[in-house]
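Enquirer: What would the 3D arrangement of this be:
(one chain, ligands or ions: 1)
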Amino acid sequence: MQSLPLYPTLEAARLAAQDCTACQRCADRQQVVFGSGNPQASLMLVGEAPSATDDDTGKPFSGPAGRLLDQLFSKVGLHRNDVWITNLTRCFSGRERNGRIENRPAAAREIDACATWMDMEIRYVNPSVILAVGAPPAKRLIDRNFRLQEQRGVIFQRSDGSLVIATIQPAYVMRLTSLVDKAASDIAREQLLGDIRLAARNAGLISD
Ligand code: SF4
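Expert: Residues are numbered from 1 along each chain as shown. Here you go, the predicted structure:
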């Protein structure tokens, strides 16, 4: 039997998380980006880490990747307020590359440290379907040997009976678009759209 969370409500957990210093990502953040959306959602999205924009707004997927997600949600008849959106880690961390600050991937020990909050969000929201956005969430939520290219779009069942489907990151689709690789970007966009549709259908949010 799992132990009960230390906080009486999801909102109490969100407030408590604002002071978290359990991993070194706390050194780079402006604020902790907790999950957001419908706290009773049947569908939860789990990405890897907040972006620099999310660090400004305090909301996950609030930058360009989030705008692409919103467009695809709209295509299947969803709005982000219908779902709960979160990440494996709740603090932005950046690194300099070619004179720009880009997202630093989450280290395994940081994902482990932030699992306390993620597991709490999953327990409170209690979704019937989780869409793991990108390889790190898929490895955490499905299997550490998960292979995104071969296994995305496949339905897996967790020990609590909920379903998990993995998909590619919106940022990956945008990267292909910026490389002017129209064919590859169209394929990736359709894959992401199809996985969102599959997850929403299995969560009972859409019928077709
Ligand atoms: S990433 Fe998670 S565990 Fe690390 S400091 Fe932020 S809230 Fe705490």
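
Enquirer: Which strands or helices does the helix or strand where R140 lies pack on?
Expert: Using DSSP states H and E, R140 maps to helix 135-141. Secondary-structure packing of helix 135-141 (3 or more CB pairs under 8 Å, 6 or more residues apart in numbering; DSSP states H and E): strand 43-47, helix 108-125, strand 129-133, helix 148-151, strand 163-167. Bear in mind the C-beta positions are built from the backbone N, C-alpha and C, glycine included.

Enquirer: With adjacent residues omitted, what lies nearest to V129?
Expert: Of all residues beyond its chain neighbours, the one nearest V129 is A203 (4.0 Å), with distances taken as CB to CB, 6 or more residues apart in numbering.

Enquirer: Near the ligand, which residues of this structure are found?
Expert: 17, 20-23, 25-26, 32, 89-91, 110, 113-114, 117 (CB under 6 Å from any ligand atom).

Enquirer: mind redoing it with 8 Å?
Expert: 17, 20-26, 29, 32, 49, 89-91, 93, 106, 110, 113-114, 116-117 (CB under 8 Å from any ligand atom).

Enquirer: picking up where we left off before, do you know which of the helices and strands packed on helix 135-141 lies nearest L176?
Expert: helix 148-151 (13.7 Å; CB to CB).
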